[in-house]
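Asks: sequence plus predicted model, see below.
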Amino acid sequence: MRNSVKVAQLDLRTLQIKFPWWALLLATDVVILVLAMLNFDVFAIIVGIVFGAGSSLVMVPFYSNQQRGVDGLLAALPVTRRQVVFGHYLFAVGVQCVIALNLFVVAAIYSFLRPDDLPLSVAAMVALGALTFFLVLVAVPFPFLMRVGYSSATIGIYTGVIVLVVIGLNFLSALGDNFSPSFTFGWVVAGAVALLVGSVPLSLHWYSKREL
C-alpha cells in the first residue's frame, strides 16, 4: 500500500502546479461565491471548471509519464505492477473525490446564504452526480491507458466516454418522468461504482502484459 501511495504522489507531481493546490482551489471558490452573491450566473463557470478539471487531470500523469519514460523507471524499482496500477487508481479517484467534495462545500455555503435559490439536498445531488460522472471517466479508459499508455487511441476512447456519459445523462433526465429521481440516481451511482471496481482486474491484467 505504501508503494501505491508513492505512485499516486508521483502522479500528483506531474501536474506541475506553481501554487499549492489547496490555495488555488480556495481562491477559485471565493471568486465563484462572490460572483454568485453578486447575482452573476456562475453555473456555466462552475460546469466548465469542475468538468474540465476532472476530465483533464486524469490524463495528465499518463502523458507526463510517457514523455519522461516514468513507466520504464518504475519497472526498474522495487515496485510491483499491481502497486503501480493501484497507485494510478488512487490518484485518479482521490482527485475526483476532492473536486466533488469541494463542489459540495461551495454549493452548501451558497445554500446556507441563499436557501431559497439552492436547497442543500440539491447541492448534495449535484456533487454526487459530478463524482459519478468522474468515476465513469476513470473506470472505462483506465484499462486502455494501462495497456497502451497515452496515445491517440486512448484520447479517442476518453472523448467517446465523455460523449456517451452526456447522452446517458440526457436519457436519464427523460426517464425522470417515469421513475422517482432517487431511484434512478441510486442505480446510476451503483452502476458507476460497479464499473470502477470491475475495471481494476482488467487494468491489472493488461498492465501485466504490457512491455515497458
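Replies: Arrived safely. Numbering: from 1, shown residues only.

Asks: going forward, measure contacts between C-alpha atoms and count neighbours the same way
Replies: Will do.

Asks: output the below-cut-off pLDDT ranges for this protein.
Replies: For the chain, the stretches with pLDDT under 70 are 69-76, 152-153, 165-166, 168-185, 212.

Asks: buried stuff in the host helix or strand of A192?
Replies: Assigned by DSSP states H and E, A192 falls within helix 181-209. Buried residues in helix 181-209, counted by 16 or more other CA atoms under 10 Å: 185, 188-189, 192-193, 195-196, 199-200, 202-208.

Asks: swap in stretch 121-128?
Replies: 123-124, 126-128.

Asks: list of residues touching that stretch?
Replies: 100-101, 103-104, 107-108, 111 (CA atoms under 8 Å, 6 or more residues apart in numbering).

Asks: how far off centre is it?
Replies: 16 Å (CA atoms, centre = their mean, to the nearest Å).

Asks: re earlier: check which helices and strands the helix holding A192 sits against.
Replies: Counting contacts by 3 or more CA pairs under 8 Å, 6 or more residues apart in numbering; DSSP states H and E, helix 181-209 packs against helix 81-113, helix 120-139, helix 142-148.

Asks: do that again at 6 Å, thanks
Replies: In terms of contacts (3 or more CA pairs under 6 Å, 6 or more residues apart in numbering; DSSP states H and E), helix 181-209 is packed against helix 120-139, helix 142-148.

Asks: buried stuff in the shortest one?
Replies: Burial within helix 142-148, assessed by neighbour count using 16+ other CA under 10 Å, is assigned to 142-147.

Asks: can you tell me what sits against that helix?
Replies: Applying CA atoms under 6 Å, 6 or more residues apart in numbering, the contact partners of helix 142-148 are 202-203, 206-207, 210.

Asks: picking that back up, so which two of the contacts of stretch 121-128 are the farthest from each other?
Replies: Farthest apart among these by CA to CA are A100 and S111. That separation is 16.1 Å.

Asks: more crowded one of these two?
Replies: Taking A100 and S111 together and counting by other CA atoms under 10 Å, A100 has the greater number of neighbours (23 against 19).

Asks: any idea how far that one lies from S203?
Replies: 24 Å (CA to CA, to the nearest Å).

Asks: could you do A108 as well?
Replies: As judged by CA to CA, A108 and S203 stand 36 Å apart.

Asks: ok, which of the helices and strands packed on helix 181-209 comes nearest Y158?
Replies: Using CA to CA, the helices and strands packed on helix 181-209 put helix 120-139 closest to Y158, at 7.2 Å.

Asks: what angle do that closest one and helix 81-113 make?
Replies: 160 degrees (axes from the mean of the first three to the mean of the last three CA atoms, to 10 degrees).

Asks: can you give me how far helix 120-139 is from the chain middle?
Replies: On CA atoms, centre = their mean, the centre of helix 120-139 falls 9 Å from the chain's centre.

Asks: helix 181-209 and that one, what's the angle between them?
Replies: 20 degrees.

Asks: rewinding a little: in TSV: the helices and strands packed on helix 181-209, plus distance to Q16.
Replies: Shown next, in TSV, are the helices and strands packed on helix 181-209 (distance: least, CA to CA, whole Å):
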stretch	distance to Q16
helix 120-139	21
helix 142-148	21
